[in-house]
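Visitor: The following block contains a protein sequence and its predicted model.
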Amino acid sequence: SQKIEQNSEALNIQEGKTATLTCNYTNYSPAYLQWYRQDPGRGPVFLLLIRENEKEKRKERLKVTFDTTLKQSLFHITASQPADSATYLCALGGRAGNNRKLIWGLGTSLAVNP
Amino acid sequence: EAGVTQFPSHSVIEKGQTVTLRCDPISGHDNLYWYRRVMGKEIKFLLHFVKESKQDESGMPNNRFLAERTGGTYSTLKVQPAELEDSGVYFCASAKAGGYNEQFFGPGTRLTVL
């Protein structure tokens, strides 16, 4: 069955550094991959989407890469700030029709220390 | 623009009782999804509506769960009768029609079955 693995341990970094989060998947060929942020007691909030034919996407301080050969996505937050502290979720999306559902990883907790 | 809203935010019921969760998507969003997160596990897809039609209900755990979206607007998810293993946070998300669109999540309903 499909499986998504994200950094299992919490990530602690110093303010100003770059945070890099990993998402690996098996037994699936997603049409796209999304990254979400989740704060305690709230629903996930969409950050970035990258399609299978794209290698890299950027949005402000965020960058995501997608390697369909390695079956891996990396999510980077540059110049991190304490406000970036949250859980980051990786989700894979299928193709049109019945596969629009998202398959989720467990998430990685990020703490940015001032 | 109002976001996705869910009601109630919390529900505590006893095993065997019935609970109905409600989701109001963003106006104009044809796609509506239900997800569930059980403590310690990843978010799991339950079902997907396109307008009032069930596009994919492959994630529904069993026939104790019934989802409706009358008129293609708000949706309800009824659990009857509730079991202990139904406890978790139920998220609703909506998305625009077409393409690989970001999903906008509600804050979730935390369901506790005692």
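Guide: Nice, thanks for sending it over.

Visitor: Report how many residues lie close to A:Ser73.
Guide: 26 (other C-beta atoms under 10 Å in any protein chain shown). From N, CA and C alone the C-beta is placed, and that goes for glycine too.

Visitor: hang on, it in a helix?
Guide: No. Under DSSP: H, G, I helix; E, B strand; the rest coil, A:Ser73 sits outside any helix and is assigned strand.

Visitor: Can you name the residues that contact A:Tyr88?
Guide: By C-beta atoms under 8 Å, 6 or more residues apart in numbering or on different chains, the contact set of A:Tyr88 is A:6, A:21, A:35-38, A:47, A:75, A:107-108, A:110.

Visitor: List the ones among those that fall in strands.
Guide: Counted as lying in strands by DSSP state E, out of those, are A:6, A:21, A:35-38, A:47, A:75, A:108, A:110.

Visitor: Please pick the buried ones from those.
Guide: Buried members of these, scored by 16 or more other C-beta atoms under 10 Å in any protein chain shown, are A:6, A:21, A:35-38, A:47, A:75, A:108, A:110.

Visitor: and the contacts of A:Tyr88 near chain B, which?
Guide: Subset of the contacts of A:Tyr88 in contact with chain B: A:36, A:107, counting by C-beta under 8 Å from any C-beta of the partner chain.

Visitor: Include pLDDT when you put the contacts of A:Tyr88 into CSV, please.
Guide: Shown next, in CSV, are the contacts of A:Tyr88 (pLDDT from 0 to 100):
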residue, pLDDT
A:Gln6, 93
A:Leu21, 96
A:Trp35, 97
A:Tyr36, 97
A:Arg37, 97
A:Gln38, 96
A:Leu47, 96
A:Phe75, 97
A:Gly107, 95
A:Thr108, 96
A:Leu110, 97
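
Visitor: Any residues of chain A in contact with chain B? List them.
Guide: Within chain A, the positions adjacent to chain B are A:4, A:31-32, A:34, A:36, A:41-46, A:49, A:51, A:89, A:91, A:93, A:97-107 by C-beta under 8 Å from any C-beta.

Visitor: Now, of these, which are buried?
Guide: Using 16+ other C-beta under 10 Å, the buried ones in those are A:4, A:32, A:34, A:36, A:43-44, A:46, A:49, A:89, A:91, A:93, A:99-107.

Visitor: Could you give the residue of chain A that lies closest to chain B?
Guide: Residue nearest to chain B within chain A: A:Gly43 (3.2 Å; C-beta to the nearest C-beta).

Visitor: Once you drop chain neighbours, what's closest to that residue?
Guide: Excluding its sequence neighbours, the residue lying closest to A:Gly43 (C-beta to C-beta, 6 or more residues apart in numbering or on different chains) is B:Phe105, at 3.2 Å.

Visitor: Tell me, how many residues neighbour that neighbour?
Guide: For B:Phe105, the count of nearby residues is 23 (other C-beta under 10 Å).

Visitor: list the contacts for residue 33?
Guide: The chain I'm using is chain A. Contact analysis of A:Leu33 by C-beta under 8 Å, 6+ apart lists A:23, A:49-50, A:64, A:66, A:73, A:90-93.

Visitor: that answer is for a different chain, and I need it for chain B
Guide: Contact analysis of B:Tyr33 by C-beta under 8 Å, 6+ apart lists A:101-102, B:45-49, B:92-95, B:103.

Visitor: which is the next helix or strand following the helix or strand it falls within?
Guide: Assessed by DSSP states H and E, B:Tyr33 sits inside strand B:31-37. Sequence-wise, the next helix or strand downstream of strand B:31-37 (DSSP H and E) is strand B:43-50.
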